[in-house]
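Q: Just a sequence and a predicted model for now, questions to come.
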Amino acid sequence: MIKFENVNVTYPGGVVALKDLNLEIKDGDFIIIVGLSGAGKSTLLRTINNLVKPTSGIVYLEDIDVTNAKKKELKLIRSKIGMIFQTFNLVNRSTVLKNVLTGRLSNVSTIRSVLGFWPKEEKKLAFEALNQVEILEKAYVRASNLSGGQQQRVGIARALSQKPKVMLADEPVASLDPITSRVVMSYLKKINTELGITTIVNLHFLDLAKEFGDRLIGLRDGKLVFDGNVNQVSDDDFENIYGRSIKSSDLIGDD
């Protein structure tokens, strides 16, 4: 499904974010990536849709070279990849429905989207996405009137409306309280299980990684230091990922 071949990312100024990353992600995987801030988690996600271009190496999606894709091909690739952000990235003055419909922009003309003349089939997909995260009743409410957890569910619905093959979630619960965080994570898990969408989530919260993850990827200083079943990760593995002693029985809160 997704393949990283010797991927390196060095930002201007010499900051190395990924080092010789070799990784394969299978269709339908639910993966959680953990590591300290600056470990390369967000960079890894953003190389998948080429929001960050590797300094060297290649990222493939379904055997298509994402890294070197031309503009037209890259647009098609990105239409298959849903993205969920920590800060929600909603237009607060717009309704929930309009926010979700932005996930369908690649399928309608610019004029229709600007004027708000959305085809019925596009609106139907948006309603279906809202229903998936059980927030359909808020369709005509302004996004600014929602709670943080509700706004993130709208963000998930927007990504779902794309009908993606891959869902990327970059710290989706970092600004939410523990109870709401579990609600949001449960929807991401549901999407993966029921719709078969390959889902990759960056997390700071180790207890959530343990509770919801299937496969755990550990990054440290841009290097892959763990790749395995989340139920098999040991205290030594966490110490290797975080560079300090962490007991798996104490996986509560931020790292």
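A: Structure received. Numbers count the residues shown, from 1 in each chain.

Q: Can you verify my assumption that Lys210 contacts Gln232?
A: No - Lys210 lies out of contact with Gln232 (C-beta atoms under 8 Å); the separation is 11.3 Å. Yep, even glycine has a C-beta here, placed from its N, CA and C like the rest.

Q: more neighbours, those two?
A: Counted by other C-beta atoms under 10 Å, Lys210 and Gln232 do not tie: Lys210 has more neighbours, with 19 against 9.

Q: Can you name every helix or strand that whichever helix or strand Leu208 is part of contacts?
A: Using DSSP states H and E, Leu208 sits within helix 206-212. Using 3 or more C-beta pairs under 8 Å, 6 or more residues apart in numbering; DSSP states H and E as the contact test, the elements touching helix 206-212 are strand 30-34, helix 178-195.

Q: And those: which comes nearest Gly103?
A: helix 178-195 (13.7 Å; C-beta to C-beta).

Q: Check which residues of the closest one are buried.
A: Of all the residues in helix 178-195, those buried under the rule 16 or more other C-beta atoms under 10 Å are Thr180, Ser181, Arg182, Val183, Val184, Met185, Tyr187, Leu188, Lys189, Ile191, Asn192.

Q: and those residues as TSV, adding pLDDT?
A: Listed next are the buried residues of helix 178-195 as TSV, based on pLDDT from 0 to 100:
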residue	pLDDT
Thr180	94
Ser181	94
Arg182	95
Val183	94
Val184	94
Met185	96
Tyr187	95
Leu188	95
Lys189	95
Ile191	93
Asn192	95
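
Q: could those go into TSV alongside distance to Gln152?
A: Below are the buried residues of helix 178-195 laid out as TSV (distance: C-beta to C-beta, whole Å):
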residue	distance to Gln152
Thr180	8
Ser181	9
Arg182	12
Val183	9
Val184	5
Met185	10
Tyr187	9
Leu188	10
Lys189	14
Ile191	13
Asn192	16
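
Q: which one of those sits closest to Val201?
A: Lowest distance from Val201 to those (C-beta to C-beta) belongs to Leu188, with 6.3 Å.

Q: shaky segments in this structure?
A: Residue ranges of the chain with pLDDT under 70: 107-117, 245-255.

Q: same thing but 50
A: Where the chain drops to pLDDT under 50, the residues are 248-255.

Q: All the helices of it, residue numbers only.
A: For the chain, applying DSSP state H gives helices covering 41-48, 71-79, 96-101, 110-115, 120-132, 148-160, 178-195, 206-212, 235-242.

Q: could you dump the ones you listed to TSV with distance to Phe226?
A: Output for the helices of the chain, formatted as TSV (distance: least, C-beta to C-beta, whole Å):
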stretch	distance to Phe226
helix 41-48	13
helix 71-79	28
helix 96-101	36
helix 110-115	43
helix 120-132	31
helix 148-160	27
helix 178-195	20
helix 206-212	11
helix 235-242	5
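
Q: Can you say which of those helices is nearest to Ala139?
A: Closest of the helices of the chain to Ala139 is helix 96-101, at 4.4 Å (criterion: C-beta to C-beta).
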